[in-house]
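Undergrad: Have a look; sequence and predicted model below, questions after that.
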Amino acid sequence: MTKFLIDECLSPKLAEIARTRGHYEASHVTWIGKAGWQDWDLMRVVLDEDWVLVTRNSDDFRGPSDSPGSKGQYAGVTLHAGLICINGPPDVDRALQSSLFDFVLNEVDGNANLINQVLEVTYHAVDAIELIRYKLPRDD
């Protein structure tokens, strides 16, 4: 099963959802004593402990959406366990976070290999949820 670390910008409920889906090594940044840590400090933990990071701070970690990996915390990282970006309006509440993460978990349960992969789920509207998967670092 996948080892998820939920960023503090998201609800701890997501770690609970992952655990109920069989991902027993799911945790939240606050649960492991890393609340308030800077992104670059958190990245060391993510990489050293092989976490798949789940975040809303997509630009901070993957870089700009039109050029992932050019900037952000994953720029220059050659091997990582995976990154999940939950995108949507600024006021994504706990219920919407949970729904989007459940959507992601369906994808992960179908193809759990997230090594050097990014999964992005973007909420556009009730009937417009987009999920994309791509490699990071990119081969091009």
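TA: Thanks, I have the structure now.
Undergrad: Quick one: mean pLDDT for the longest helix along the chain?
TA: Secondary structure of the chain per DSSP state H: the longest helix is helix 94-110. Per-residue pLDDT values across helix 94-110 average out to 94.
Undergrad: List the buried residues of the helix or strand that it is followed by.
TA: Note on helix 94-110: by DSSP states H and E, the next helix or strand toward the C-terminus is strand 117-125. Using 16 or more other CB atoms under 10 Å as the test for burial, strand 117-125 gives 117, 118, 119, 120, 121, 122, 123. The C-beta positions use only the backbone N, C-alpha and C, and glycine is treated the same way.
Undergrad: beta partners of the second one?
TA: Beta-bridge pairing of residue 118 under DSSP bridges involves residue 83, residue 134.
Undergrad: which ones are touching residue 102?
TA: Neighbour list for residue 102: residue 17 [criterion: CB atoms under 8 Å, 6 or more residues apart in numbering].
Undergrad: Just say helix, strand or coil for residue 81.
TA: coil (DSSP: H, G, I helix; E, B strand; the rest coil).
Undergrad: Where does pLDDT dip in the chain?
TA: By pLDDT under 70, the low-scoring segments of the chain are 140.
Undergrad: how about 50 then?
TA: The model of the chain has no residue with pLDDT under 50.
Undergrad: Residues in contact with the helix or strand containing residue 44: which ones?
TA: Using DSSP H and E, residue 44 falls within helix 39-48. For helix 39-48, the surrounding residues in contact (CB under 8 Å, 6+ apart) are 5, 7, 29, 32, 34, 37, 51, 53, 57, 60-61, 73-74, 77, 80-81.
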